[in-house]
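Trainee: Quick one, fold the following:
(chains A and B, ligands or ions: 2)
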Amino acid sequence: MLQVEDIHTYYGTSYIIQGLTLEVKDGEVVCLIGRNGAGKTTTLRSIMGLAPPQRGLIKFKGEEITGKAPFSIVRMGIGYVPEDRRIFPDLTARDNFEIARRGNSRKSSGGWTIEKIYEFFPKLRELEDHKGTEMSGGEQQMLAIARSLMGNPDLLLVDEPTQGLAPLIIESFVELIKSLKQEMSILLVEQNASFAFSVSNRGYVIDKGKILYHGSIDDLRENKEVHDRYLAV
Amino acid sequence: MDIASLLNCLADPGCMAGQIISGIIIAMVLFLVASGLSLILGVLGLLNFAHGSLYMIGAYFTYTVMASIGNFGVALILAPIGVGICGVILERFFIKRVYGLDALYQLLMTYAFILIFDDVVKFIWGIFDLSIRMPSLFRRPPVTAIGTIVPFYYLFLIVVGVLLVVAIWLFLSKTKYGKIINAAASDPEMLMCLGINVPFVYTIVFGLGSLLAGVGGALACPLRAITPGMGFAVIIESFVIVVIGGMGSILGTFVVALMFGLMRSFGILGFPFFELAFIYVFMAVVLIVRPAGLFGKVRI
Ligand SMILES: Nc1ncnc2c1ncn2[C@@H]1O[C@H](COP(=O)(O)OP(=O)(O)O)[C@@H](O)[C@H]1O
Ligand SMILES: [Mg+2]
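Mentor: Ligands and ions are numbered 1, 2, ... in the order given. As a prediction, the model looks like this:
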């Protein structure tokens, strides 16, 4: 589904992503965990074409996407939920779905409609006429995820969805990710390792722009350093 | 100063109605130009000093259509579309290169285009003032009301102006495209991440803004001389309106254009030669009290 091969990304002269390789296979949920400033967001921005890598290769469904414009990458089937949610202040929930709705040429069956979104997120039906600025953090996060689904992604990149949310809401997001998994592959960026591990098939640990470890969730749980750094409270 | 004649006029319903009408007429043309400027500033963050030149081109295109076909209705459609196309070309090849750059670069490029357009106009249409005859449709007796006479074209201008305010407002606030434009103004990068071709949206917005300037130029034709440099006064006044109204607010632009027109038409009675000073003082006060403009949203 997604192959990132040895990418190097700079912000101006700052060398941020220093030769990173990762892969997401069909139907997988893969998490990318790491401390604040490790380069998780920059990795996603590199994939989306928002911070194009200067070297390296990114392939999606076998096709090279390095250097493509972000909107073309989205149209090829990648959805992006950024870390600060980026809700448009003047638009209602429904407006968000309308502008994000894309033609559904890739997928033959189903596809996301506003009605299907509301079945999936009943709360958003109640909030359809509310502006994003009038919603709670958890509701905004739901809106941010729901709106990216309107583009019918085959791969969803989600950046720290649990950030700033209450434990009870985080629990409901576990179920959410598990049901989304039925329909698409997911690359999940998290600092909350216990949340990430409870929904993922595999994981990568990133530090200073490089992958430190990768393996199955069980391997990661057993790794002493990962445990001490990211799971010990 | 001539306060007495201002007071006399305020006491006389006929004179007052006349001044109000002429203030509204000033406002309608300015609104159209300023709304395009406001759209471009609000969505693209671009200080487009060449916007007045697009207004001027709208007037010259109208002149040409009138000279060749002689139908004002056709001119009113063709001239703005022509200006919109000029805007699209301008954006595609030049303007898009200065987005997000320091305002100084934007000023330099758009100011350069004022000079270029003025010379192009002189080259094609000559250096002398041109004018068109009042279109035959409007050559009918003026309407008399509340002791003042209102030329028929004025009524037409007011109706068209109000219809356009409503149409622009409906387009921006009710349609999917309007919502995309709104989202592009607040977070273009996120919009791109929803699969929307934002550079294309920018081109369309610049084209629409130019088209509005073109409508202003076309509608002004029967009232004013068509002359190189006619865009300059208009661009300054439009900027004042956008700044006072708050950029990106169509309603704000309309209300402030009306205030501007009335201040001018009454100010010219009481304070001939100084009527514009009032407006600038007013702008300074607004900017001190509400830096985002009267109707602008304060964004952080
Ligand atoms: N726009 C930027 N310009 C310069 N440096 C940046 C920018 N954004 C992030 N950085 C730096 O890049 C590094 C990685 O940041 P980021 O990818 O946001 O980390 P994470 O998402 O893992 O917290 C940090 O050291 C951060 O300071
Ligand atoms: Mg981050």
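Trainee: And the strands in the chain?
Mentor: Here I'm looking at chain A. Taking DSSP state E as the criterion, chain A carries its strands at A:2-11, A:14-24, A:29-33, A:55-60, A:63-64, A:78-81, A:155-159, A:185-190, A:202-207, A:210-216.
Trainee: wait, chain B
Mentor: Listed in chain order, the strands of chain B (DSSP E) span B:143-145, B:148-150.
Trainee: So which elements touch the last one?
Mentor: So that's strand B:148-150. In this structure, strand B:148-150 packs against helix B:13-44, strand B:143-145, with contacts taken as 3 or more C-beta pairs under 8 Å, 6 or more residues apart in numbering or on different chains; DSSP states H and E. C-beta coordinates here come from the backbone N, C-alpha and C atoms, glycine included.
Trainee: ok so, going back, output the strands of chain A as CSV; include the columns mean pLDDT.
Mentor: Formatted as CSV, these follow (pLDDT from 0 to 100):
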stretch, mean pLDDT
strand A:2-11, 95
strand A:14-24, 95
strand A:29-33, 95
strand A:55-60, 95
strand A:63-64, 94
strand A:78-81, 96
strand A:155-159, 96
strand A:185-190, 96
strand A:202-207, 93
strand A:210-216, 91
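Trainee: neighbours around the closest residue to residue B:241 other than its chain neighbours, how many?
Mentor: Using C-beta to C-beta, 6 or more residues apart in numbering or on different chains and skipping the chain neighbours, the partner closest in space to residue B:241 is residue B:34 (4.2 Å). Neighbourhood size, residue B:34 [other C-beta atoms under 10 Å in any protein chain shown]: 35.
Trainee: so who does residue B:34 touch?
Mentor: Contact analysis of residue B:34 by C-beta atoms under 8 Å, 6 or more residues apart in numbering or on different chains lists B:237, B:238, B:241, B:242, B:245, B:253, B:256, B:257.
Trainee: Look up how far chain A lies from it.
Mentor: As for residue B:34, its distance to chain A is 21 Å (criterion: C-beta to the nearest C-beta, to the nearest Å).
Trainee: Report the closest residue of chain A relative to ligand 2.
Mentor: When you check chain A against ligand 2 by C-beta to the ion, the closest residue turns out to be residue A:41, at 3.2 Å.
Trainee: one step back: can you lay out the strands of chain A as CSV showing distance to residue B:93 and mean neighbour count?
Mentor: Below are the strands of chain A laid out as CSV (distance: least, C-beta to C-beta, whole Å; neighbours: other C-beta atoms under 10 Å in any protein chain shown):
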stretch, distance to residue B:93, mean neighbour count
strand A:2-11, 29, 18
strand A:14-24, 33, 18
strand A:29-33, 41, 25
strand A:55-60, 31, 17
strand A:63-64, 29, 10
strand A:78-81, 31, 28
strand A:155-159, 34, 24
strand A:185-190, 38, 24
strand A:202-207, 42, 22
strand A:210-216, 42, 15
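Trainee: what's the span of stretch A:174-193 from first residue to last?
Mentor: For stretch A:174-193, the first-to-last residue distance is 12 Å (C-alpha to C-alpha, to the nearest Å).
Trainee: correction: stretch A:45-59
Mentor: End-to-end span of stretch A:45-59 (C-alpha to C-alpha): 14 Å.
Trainee: Show the contacting residues for the residue most central in space within chain A.
Mentor: With the centre of chain A defined as its mean C-alpha position, the nearest residue by C-alpha atoms, centre = their mean is residue A:158, 1.6 Å away. Applying C-beta under 8 Å, 6+ apart to residue A:158 gives the contacts A:81, A:145, A:177, A:186, A:187, A:188, A:189.
Trainee: Same check on residue B:211?
Mentor: The neighbours of residue B:211, taking C-beta under 8 Å, 6+ apart as the test, are B:36, B:80, B:81, B:83, B:84, B:87.
Trainee: out of those residues, what pair is the most spread apart?
Mentor: B:36 and B:81 (13.9 Å; C-beta to C-beta).
Trainee: out of these two, which sits in the busier spot?
Mentor: The neighbour comparison of residue B:36 against residue B:81 (other C-beta under 10 Å) goes to residue B:36, with 33 against 14.
Trainee: what sits against the closest residue to residue B:54 other than its chain neighbours?
Mentor: Closest residue to residue B:54 in three dimensions, ignoring its sequence neighbours and counting by C-beta to C-beta, 6+ apart: residue B:213, at 4.0 Å. If you count contacts by C-beta under 8 Å, 6+ apart, residue B:213 has them with B:32, B:33, B:36, B:37, B:51, B:52, B:54, B:55, B:58, B:83, B:87.
Trainee: lowest average confidence, helix or strand, in the chain?
Mentor: This is for chain A. Counting by mean pLDDT, DSSP states H and E, the weakest-scoring helix or strand in chain A turns out to be helix A:224-226, with a mean of 75.
Trainee: Correction: the question concerned chain B.
Mentor: The weakest-scoring helix or strand in chain B, judged by mean pLDDT, DSSP H and E, is strand B:143-145 (a mean of 81).
Trainee: other SSEs contacting that strand?
Mentor: Partner elements for strand B:143-145 (3+ C-beta pairs under 8 Å, 6+ apart): strand B:148-150.
Trainee: Please identify the buried residues of the strand it packs on?
Mentor: B:148, B:150 (16 or more other C-beta atoms under 10 Å in any protein chain shown).
Trainee: what's the average pLDDT for it?
Mentor: Here strand B:148-150 scores 85 as its mean pLDDT.
Trainee: Adjacent strands (with direction) for it?
Mentor: Its sheet considered, strand B:148-150 pairs with strand B:143-145 (antiparallel) by DSSP bridges.
Trainee: Dump the contacts of residue A:158 into CSV; add distance to ligand 1 as well.
Mentor: Below are the contacts of residue A:158 laid out as CSV (distance: C-beta to the nearest ligand atom, whole Å):
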residue, distance to ligand 1
A:81, 13
A:145, 18
A:177, 19
A:186, 17
A:187, 13
A:188, 13
A:189, 7
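Trainee: wait, which of those is closest to residue A:34?
Mentor: Nearest to residue A:34 among the contacts of residue A:158, with distances taken as C-beta to C-beta, is residue A:189, at 8.3 Å.
Trainee: looking at the strands of chain B, which is closest to residue B:106?
Mentor: Per C-beta to C-beta, nearest to residue B:106 of the strands of chain B: strand B:148-150, 40.9 Å.
Trainee: Relative to residue B:224, how far out is residue A:59?
Mentor: In this view, residue A:59 and residue B:224 are 60 Å apart by C-beta to C-beta, to the nearest Å.
Trainee: Would you pull up the residue in chain A closest to chain B?
Mentor: Nearest residue of chain A to chain B, counting by C-beta to the nearest C-beta: residue A:74, 3.7 Å away.
Trainee: This completes my enquiry, with thanks.
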